[in-house]
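J.: Structure for this input, please:
(2 chains, ligands or ions: 2)
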Amino acid sequence: MSGKVIVITSGKGGVGKTTTTANLGMALAARGKSVVLVDADFGLRNLDLLLGLENRVVYTVLEVLSGDCRMEQALVRDKRQTSLALLPAAQTRDKSAITPEQMKEITGRLSETFDYVLVDCPAGIEQGFRNAIAGAEQAIVVTTPEVSAVRDADRIIGLLESAGLKGPRLILNRYRPQMVEAKDMMSVEDVLEILAVKLLGLIPEDEQVIVTTNRGEPIVLAANPPPAGQAYLNIARRLEGEDVPILEFKVPNNGFMAKIRALFSGR
Amino acid sequence: MQTLPNSLPTQVSFKGTSEGLKLLVPVELAWDEVILQLQQRLNAGERLWQGGAPVILEVKDRLLDGPQLQAIDALLAAQQLRLVKVRTLRRQTAVTAAVNGLSVDQTDSTPPKDPSNPEPLYVHTTLRSGMRIAHPGPIVLVGDVNPGAEMVSDGDILVWGTLRGLAHAGANGNANALIFALRLQPTQLRIADRVARAPDTPLATPQPEVAYVSENTIHICYISEYTRRR
Ligand SMILES: Nc1ncnc2c1ncn2[C@@H]1O[C@H](COP(=O)(O)OP(=O)(O)OP(=O)(O)O)[C@@H](O)[C@H]1O
Ligand SMILES: [Mg+2]
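T.: Numbering: from 1, shown residues only, chains lettered A, B, ... in the order given. Ligands and ions are numbered 1, 2, ... in the order given. Sure thing, here's the model as predicted:
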């Protein structure tokens, strides 16, 4: 898939869409790309929070649409990465405040001036989802290795494909190698076998993600990013077309891949 | 002799039903006219429907190709309506709908030409959560049937892939119907009016299996064993 308008979606809520959007945006901007993050989660916006930009939001996409402000005025520039901007959602309105057509117009306009337009999708398969995918040329599906999250991701992939967004790629988040090893969590292979899509990245569970989120400083900004931050940086490189190997962390003492193979042949 | 005027509506029309909004597209209408009428109906501002309402497209004998289906879907989506299912009498349209990720219902009140031997439906797709295929004849699916997906047939069901969702063979009461899969790990199997869950522990070495009814219950065995016994 190509195109620079990318929607980050999941089906199930709370699996890490907004965290992913913030970190990928930051990582791409750090690579010198101009990036705009579009918050499509009307009524439950929090992308501005994760980026530490909440107090600088003046206008939202609604004022842009109504002509009450220019696009430039609504865009909030990041203080750390000046090539990163945020187009905020309206917190006080719900998803019906905007139509898919309008969303398409907005992302289309932004793609004229930015290298990447990342759209943070709300959870669910209803109108908020329809809006978020309307202008997208590519889709990234985020899931955790839980049965219910994978089931919802599967549903979303079907809906994306039927909406013409073929070949969505997957980010598997909050992965815990120890639990996988103990067979208490689905493995990468288990998830990929069901979803049958390309894996874009694997992010370990890491409490630093929560800490940095609460601070409004995405984990990729850390001076020496921990594995979860490194994983996001690698995803950014993959989006740029680089070939970066996927498995980035191991269970101590035990070759992680070796373990997976053993698991498989033992079935 | 004079033929009576066709009493069927030759208009694109919407009808509210318990399953959702039904969109009826008459067979005899030219494609340009279909699109025009659909646009008119959608723009007419009749707000009988809720945003996000599921739409069932009913096309009877009309042949629809992929781009046509996508065009209808796009018009509906622009009005916050979701195309979820296509009800058709044509196998080709059913296949098109299935590969476009839509649920398919190839059933109708009008009986098939040879009711004892309905045509099989052959589809090449991954049936994902929330999708459903219903067909009066046998279904051959090349791909996986994921948890949360459903297949319903009055005849046999063959899955050339892993069956993890729900399959209902012999849905009209035929207990001789069979369910085949390269890997059988279903959420649930139904044959006629019998229901079975898959064993909790999947096979150590997956092999093609078949489910059949014997002595009133559903049994599962390797296809190799089954054919040997016959
Ligand atoms: N890899 C990770 N390790 C630990 N915690 C994580 C990880 N990824 C996300 N989280 C935490 O999970 C929570 C939900 O994340 P986030 O808000 O990004 O999800 P979301 O999919 O956008 O949710 P919603 O559907 O509500 O929009 C947050 O508290 C976040 O810090
Ligand atoms: Mg979110």
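J.: what element comes up after the helix-or-strand element of chain B with minimal mean pLDDT heading to the C-terminus?
T.: Every helix and strand of chain B was ranked by mean pLDDT, DSSP states H and E. The lowest is strand B:13-17, at a mean of 78. Once the chain leaves strand B:13-17, the next helix or strand it forms, by DSSP states H and E, is strand B:20-24.
J.: In the sheet, which strands lie alongside that next one, parallel or antiparallel?
T.: strand B:13-17 (antiparallel), strand B:54-60 (parallel) (DSSP bridges).
J.: which stretch among those strands comes nearest A:Glu193?
T.: Comparison of the strands paired with strand B:20-24 against A:Glu193 by C-beta to C-beta identifies strand B:54-60 as nearest, at 29.4 Å. (Each C-beta comes from the backbone N, C-alpha and C, glycine too.)
J.: Buried residues of that closest one, list them for me.
T.: Across strand B:54-60, burial judged by 16 or more other C-beta atoms under 10 Å in any protein chain shown covers B:Val55, B:Ile56, B:Leu57, B:Glu58, B:Val59, B:Lys60.
J.: For ligand 2, which of the strands paired with strand B:20-24 is the nearest?
T.: strand B:54-60 (25.0 Å; C-beta to the ion).
J.: Name the residues that touch that closest one?
T.: Residues outside strand B:54-60 that contact it (C-beta atoms under 8 Å, 6 or more residues apart in numbering or on different chains): B:17, B:19-27, B:72, B:76, B:81-90, B:93, B:105, B:108.
J.: and it, how far out from the chain's middle?
T.: Taking C-alpha atoms, centre = their mean, to the nearest Å, one finds strand B:54-60 lying 12 Å from the centre of the chain it belongs to.
J.: model confidence over that strand, on average?
T.: If you average the pLDDT over strand B:54-60, you get 89.
J.: What of stretch B:195-210?
T.: When pLDDT is averaged along stretch B:195-210, the result is 82.
J.: Quick one: check that stretch for contact with chain A.
T.: Yes - contact between stretch B:195-210 and chain A, assessed by C-beta under 8 Å from any C-beta of the partner chain, occurs at B:Pro202, B:Ala204, B:Thr205.
J.: Am I right that the first one falls within a strand?
T.: No - the assignment for B:Pro202 (DSSP: H, G, I helix; E, B strand; the rest coil) gives coil, which keeps it out of a strand.
J.: burial count for it?
T.: For B:Pro202, the count of nearby residues is 12 (other C-beta atoms under 10 Å in any protein chain shown).
J.: pLDDT-wise, which helix or strand of chain A ranks last?
T.: Least confident element among the helices and strands of chain A, by mean pLDDT, DSSP H and E: helix A:256-265 (a mean of 42).
J.: Low-confidence bits of chain B, can you list those?
T.: Low-confidence segments of chain B (pLDDT under 70): B:1-10, B:44-51, B:108-116, B:230.
J.: Residue in chain B with the shortest distance to ligand 2?
T.: For chain B, C-beta to the ion, closest residue to ligand 2: B:Gly52, 19.3 Å.
J.: Point out the residues in the stretch 151-267 of chain A that sit beside chain B.
T.: Residues of the stretch 151-267 of chain A found near chain B (C-beta under 8 Å from any C-beta) are A:151-152, A:154-155, A:157-159, A:161-164, A:193-194, A:196, A:267.
J.: Report the buried members of those residues.
T.: Members of these classed as buried by 16+ other C-beta under 10 Å are A:Arg151, A:Asp152, A:Asp154, A:Arg155, A:Ile157, A:Gly158, A:Leu159, A:Glu161, A:Ser162, A:Ala163, A:Ile194.
J.: and chain B, what are its domains?
T.: Domain assignment for chain B, taken from automatic domain parsing, gives B:1-107, B:111-230.
J.: most packed of these?
T.: Among the domains of chain B, the stretch with the highest mean neighbour count (mean count of other C-beta atoms under 10 Å in any protein chain shown) is domain B:111-230, at a mean of 18.
J.: Show me how far that one is from its chain's centre.
T.: Domain B:111-230 sits 14 Å away from the centroid of its parent chain (C-alpha atoms, centre = their mean).
J.: Can the helix or strand A:Ala132 falls within be said to contact chain B?
T.: Using DSSP H and E, A:Ala132 sits within helix A:127-133. Yes - interface with chain B: helix A:127-133 contributes A:Gln127, A:Arg130 (C-beta under 8 Å from any C-beta).
J.: just checking, what packs against that helix?
T.: Where contact means 3 or more C-beta pairs under 8 Å, 6 or more residues apart in numbering or on different chains; DSSP states H and E, helix A:127-133 is packed against strand A:5-9, helix A:100-113, strand A:116-120, helix A:147-162.
J.: Make JSON lines out of those and add mean pLDDT and distance to A:Asp48.
T.: Listed next are these as JSON lines, based on pLDDT from 0 to 100; distance: least, C-beta to C-beta, whole Å:
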{"stretch": "strand A:5-9", "mean pLDDT": "98", "distance to A:Asp48": "16"}
{"stretch": "helix A:100-113", "mean pLDDT": "95", "distance to A:Asp48": "17"}
{"stretch": "strand A:116-120", "mean pLDDT": "98", "distance to A:Asp48": "10"}
{"stretch": "helix A:147-162", "mean pLDDT": "93", "distance to A:Asp48": "24"}
